[in-house]
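>>> Predicted model and sequence below, questions to follow.
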Amino acid sequence: MGKSDTGRIRGTILASITALLVLSGCSDEVTVTYGDGTASGDALTILVGDEGYRDVLEHVSAHGLADGVEIELVDATDDANRQLAEGHADLVYFQTQPAFLQDRATNSLDTLSVVSEVNVAPYALYSAKWSGIEETDDWVNAGLVEDRVTGTNLPHGATVALADTVTGFARGLYLLQESNLITLDREFGGLAARDLAVSEANILESQRHLSIRRLDLANFAADAYRNYDAVVLDPRTAASIGLIPERDALKVEPGPNNPYARVLVAPSRLAGDPRVSALGRALEGEEVADYLEQKYRGAYVSVHVPRDK
Amino acid sequence: MLSFELNEVVGVVEGSPQLIDHDGVRHPFSAVRLENSGRRLVLVPADGLTDGAYLATARVLSADTHVVSLSIRFTVGSVTGLGNVPDDPGADAGTAQFLGIPSKWATYLGVALSAGLFVVARWVWPNVLGGRRFRFVYRVGATLLVAGLVGRVVLLAAQQSGGLSGISGSAVAAVASSRLGIAIAAAVMLSLACGIRPPGRGRGSDATGYLQAASAIVAVTLGGHGGSTERWPVSFLGTGVHVYAGAIWLGGVLLLVLVQEQVPPLRRWHGFAAGHVALVAITGILLAFIQVDPVGALISTVYGSTLTVKVSVAVLTLIAGSLAYRRFSVGSAGGTEPLPVRRRPRILVAEAALAIVILAATSVLTSVVPAKDSYTTNVRTALDFGASEVLDVEIDSVRRGARSLTVRYRPEGATGGAPMPDVGVELSSAEANIARLPVELRTTMSADGELVWDSDGLIVPVAGQWKVTVRFEGGRGPKLASFYYEAL
């Protein structure tokens, strides 16, 4: 074989190998884009609610928790979701998840979605008469036999007052279930209409033989707290009669998997926007959970960081 | 509604979808349609199904005209088992599939004995081109090639028609109008022409010989896994070069035994063969990467074990070739003069026999499914953040039910006091109106120190294009990487 032939064959082989290697490199179907973790860009305009909304975002901004994302806060009005959908703002943070889902369905705001479940204003169980909800053999209001009270835990046969609103009553029942006082036919956490509107009909078992009363707690919270064995109140109503969840509650609604989370909502045009991602991560982080705990003492709790009680 | 998700575009073989219950009763469909640009077959039963066990089957045609049988066994209602649900009636298509092996073996042997034989003779031993033995062997090769290719067309048409006895004109037309059909037609015509007037008798016949070789290689490539649209054109080019180099190598080995009357000078052939063996090896490795996953499938599947046998025989063939070269080139004045050998050396006969075994193994390989122990629709990629910070990400692209998203990271040189790396994953989709969907992850560490983050209850709510954003904190500041995938 001559030198020219050898060279030609070697050249052919080398060209073939090179072509194959190049083509192999081109066959990767996934294109990856890299970033350095910072979220630069224009300030995000956010329509915000009052307590537990605006101050949380201000805390995030003041402490630089969102990788340098700049925000501009504007008070939200009732039609904030529509304003967001029409492009007058970048985000809204003023409502609970069920409220947003209902508004989105009612007004066909299909381009909006929840980007972060942040915190919740948890309902809590309070009692002026009893100091715990541990297992007990004590009975009250039995009728056929004498009351027997030896301890301070909520006794069998106790009367518990719940709010007479659909949401308040349902959340009260779920809290009693979380306290192992009753058993419902479903777990806490569902977002379907039937989950958000449970009633006495959904009670499978009353382990503590409770009598449950529907009351106008918005106006008669103090009376109910004094006269009934226990009462389930939202944090704002509780605060109106001087009750602090962290100090006074026998049991507080859990933060994680709470369907009544207060949510940050964004339009689809910001899908994958690193500023939204950074802000969402900050709101779900430990620092915000600590801030809520220290400032509100249980009146607002993180959805992502579990707390005792 | 029943749905089959496929990883390439298909057509439905008319009349093939069937829904059969445990009593053998066939239930009609109100609709049979292809969605997702032909990658999803949807069957809609005409009536509601009562409780019981069912079998749904269909046959589809891939872009390279391979017929693939699909089946699902399922139950409706409170049935605890599949009971006596009948076997897939299309399962006997496997018989036809294995009848195809002889036709493929004839095709491959024909390519080696025609295309390979001619090219080696022209480039290495041109003196044999005008000989009777060359013409005879070439004609045998061309005949085998034509018979193999025609047999292949018949089997493809039979698969489309549901059996050899039911071959229809439309099925033949469908095969003939496909890329493979056109390539086969060209190869058959050119092989017939070359069979009548073998190359080596002037420029015109040589040109026809080269065209025959090219068309035969293309037809063989398209008829095997090179016809798959998956990883196009890498699988086509890889298979094509593999077929070309293999045909040259094995054609040369067969020429030595069947055409040469005595051992010719081997030095030129040795260099020529070495180059083509290298091409065979490189393309073989490339194809193995495409077709075999994971490595364990080399043992646990028919494809894998056949491939292992083929590679082993190829190594034996190389050893035999090397021994032959050492024996017949040393002491022959530098290999320039033919050795006076009275009969064909056993070592060359053994080499040729092994070459035929390789072709047989290749026939099996191209007739069975590639060696993947499980077929998934997963999207996989590696995120390289530099400094050995590489994450392997895998997400199931079929969105029904809870989906699996996995991130793997193997820390290098991490000490016990090093902080645990943190990974966050988010999905988003403008199409689906989801601006951000954080993925809940569970972290585990394997016995060999690999960190694994698994999604927990991930529901991708809508089909369409989704962006996956991965945030990695490995101690050198946060890093972001994102990529898109199509949720089916």
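On my side now, so go ahead.

>>> dump the residue contacts of the closest residue to B:L41 other than its chain neighbours.
In space, and not counting its chain neighbours, B:L41 is closest to B:F4: 4.3 Å by C-beta to C-beta, 6 or more residues apart in numbering or on different chains. Backbone N, C-alpha and C define where each C-beta goes, glycine included. B:F4 makes contact with B:40-43, B:58, B:60, B:70, B:72 under the criterion C-beta atoms under 8 Å, 6 or more residues apart in numbering or on different chains.

>>> What's the separation between the residue in the stretch 101-250 of chain B that chain A sits nearest to and A:A261?
For the stretch 101-250 of chain B and chain A, the shortest gap (C-beta to the nearest C-beta) falls at B:V234, measuring 4.7 Å. From B:V234 across to A:A261, the span is 48 Å (C-beta to C-beta, to the nearest Å).

>>> Sketch out the low-pLDDT regions of the stretch 1-150 of chain A for me.
Applying pLDDT under 70 to the stretch 1-150 of chain A flags the ranges A:1-29, A:37-39, A:144-145.

>>> Please enumerate the strands of it.
For the stretch 1-150 of chain A, the strands defined by DSSP state E, counting those that start in this stretch occupy A:33-35, A:44-48, A:71-75, A:91-96, A:112-120, A:124-126.

>>> Tabulate those strands (JSON lines), appending distance to chain B and mean neighbour count.
Listed next are the strands of the stretch 1-150 of chain A as JSON lines, based on distance: least, C-beta to the nearest C-beta, whole Å; neighbours: other C-beta atoms under 10 Å in any protein chain shown:
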{"stretch": "strand A:33-35", "distance to chain B": "4", "mean neighbour count": "13"}
{"stretch": "strand A:44-48", "distance to chain B": "12", "mean neighbour count": "22"}
{"stretch": "strand A:71-75", "distance to chain B": "16", "mean neighbour count": "15"}
{"stretch": "strand A:91-96", "distance to chain B": "9", "mean neighbour count": "24"}
{"stretch": "strand A:112-120", "distance to chain B": "4", "mean neighbour count": "25"}
{"stretch": "strand A:124-126", "distance to chain B": "26", "mean neighbour count": "25"}
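
>>> Now tabulate those strands in a markdown table and tack on distance to B:V390.
Converted to a markdown table, the strands of the stretch 1-150 of chain A look like this (distance: least, C-beta to C-beta, whole Å):
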| stretch | distance to B:V390 |
| --- | --- |
| strand A:33-35 | 12 |
| strand A:44-48 | 33 |
| strand A:71-75 | 34 |
| strand A:91-96 | 34 |
| strand A:112-120 | 29 |
| strand A:124-126 | 48 |
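
>>> Spell out which residues of the stretch 51-200 of chain A are next to chain B.
Proximity of the stretch 51-200 of chain A to chain B (C-beta under 8 Å from any C-beta of the partner chain) is limited to residues A:67, A:110-113, A:115-116.

>>> Tell me which two of those sit farthest apart.
Greatest spatial distance among these (C-beta to C-beta): A:D67 and A:D110, at 29.4 Å.

>>> Looking at those two now, which is surrounded by more residues?
For A:D67 versus A:D110, neighbours defined as other C-beta atoms under 10 Å in any protein chain shown are more numerous around A:D67 (20 against 11).

>>> Pretty sure that one sits against A:G280.
No: assessed by C-beta atoms under 8 Å, A:D67 is found out of contact with A:G280, at 11.1 Å.

>>> Backbone torsions only: list them for A:E253.
The phi/psi pair for A:E253 (degrees, to the nearest 10) reads phi -50, psi 140.

>>> The one residue sitting closest to the centre of chain A - nearest residue in space that isn't next to it in sequence?
Nearest residue to the geometric centre of chain A (C-alpha atoms, centre = their mean): A:A261, 2.7 Å. Nearest non-adjacent residue to A:A261, counting by C-beta to C-beta, 6+ apart: A:E117, 3.8 Å away.

>>> about what we covered before: for the residue nearest to B:L41, which three-state class applies?
Put simply, B:F4 is strand when judged by DSSP: H, G, I helix; E, B strand; the rest coil.

>>> pull the CA atoms of stretch A:122-142 into PDB?
Output of stretch A:122-142 as PDB, limited to C-alpha atoms (Å, rounded to 0.1, in the frame of the first residue of the first chain):
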ATOM      1  CA  PRO A 122     -54.700  29.900  62.300                       C
ATOM      2  CA  TYR A 123     -57.900  29.200  64.200                       C
ATOM      3  CA  ALA A 124     -57.300  28.100  67.800                       C
ATOM      4  CA  LEU A 125     -59.100  26.400  70.600                       C
ATOM      5  CA  TYR A 126     -59.500  28.500  73.800                       C
ATOM      6  CA  SER A 127     -61.000  27.800  77.200                       C
ATOM      7  CA  ALA A 128     -61.600  29.800  80.300                       C
ATOM      8  CA  LYS A 129     -62.500  26.700  82.300                       C
ATOM      9  CA  TRP A 130     -60.000  24.000  81.200                       C
ATOM     10  CA  SER A 131     -56.300  24.100  80.700                       C
ATOM     11  CA  GLY A 132     -55.700  21.100  78.400                       C
ATOM     12  CA  ILE A 133     -57.100  18.600  76.000                       C
ATOM     13  CA  GLU A 134     -55.300  15.500  77.100                       C
ATOM     14  CA  GLU A 135     -57.100  12.200  77.600                       C
ATOM     15  CA  THR A 136     -59.400  12.200  80.600                       C
ATOM     16  CA  ASP A 137     -62.100  10.200  82.300                       C
ATOM     17  CA  ASP A 138     -63.900  13.300  83.600                       C
ATOM     18  CA  TRP A 139     -67.500  14.000  82.600                       C
ATOM     19  CA  VAL A 140     -69.700  17.000  82.600                       C
ATOM     20  CA  ASN A 141     -73.300  17.500  81.500                       C
ATOM     21  CA  ALA A 142     -73.900  13.700  81.500                       C
END
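
>>> And the helices in chain A?
Remark: helices assigned in chain A by DSSP state H are A:3-26, A:55-62, A:80-85, A:97-106, A:166-178, A:193-196, A:217-227, A:235-240, A:245-248, A:274-283, A:286-296.

>>> quick one, what contacts the residue nearest to A:A261?
For A:E117, the contact set (C-beta under 8 Å, 6+ apart) comprises A:97, A:261-263, A:284, A:303-304.

>>> Against A:V140, how distant is it?
As judged by C-beta to C-beta, A:E117 and A:V140 stand 39 Å apart.

>>> can you check B:P421 too?
Applying C-beta to C-beta, the value for B:P421 to A:V140 is 55 Å.

>>> what's the answer for A:F220, then?
Taking C-beta to C-beta as the measure, A:F220 falls 21 Å from A:V140.

>>> Same question for A:Y225.
Shown here: A:Y225 relative to A:V140, a distance of 17 Å by C-beta to C-beta.

>>> More neighbours: which of the two?
Taking neighbours as other C-beta under 10 Å, A:Y225 and A:V140 compare with A:Y225 leading, 23 against 18.

>>> close enough to count as contact, that one and A:D248?
No: with contacts counted by C-beta under 8 Å, A:Y225 stays clear of A:D248, the gap being 9.7 Å.

>>> can you list residues touching both of these two?
Residues touching both A:Y225 and A:D248 (C-beta under 8 Å, 6+ apart): A:Y126.

>>> List phi and psi for A:A43.
Main-chain dihedrals, A:A43, degrees, to the nearest 10: phi -70, psi 140.
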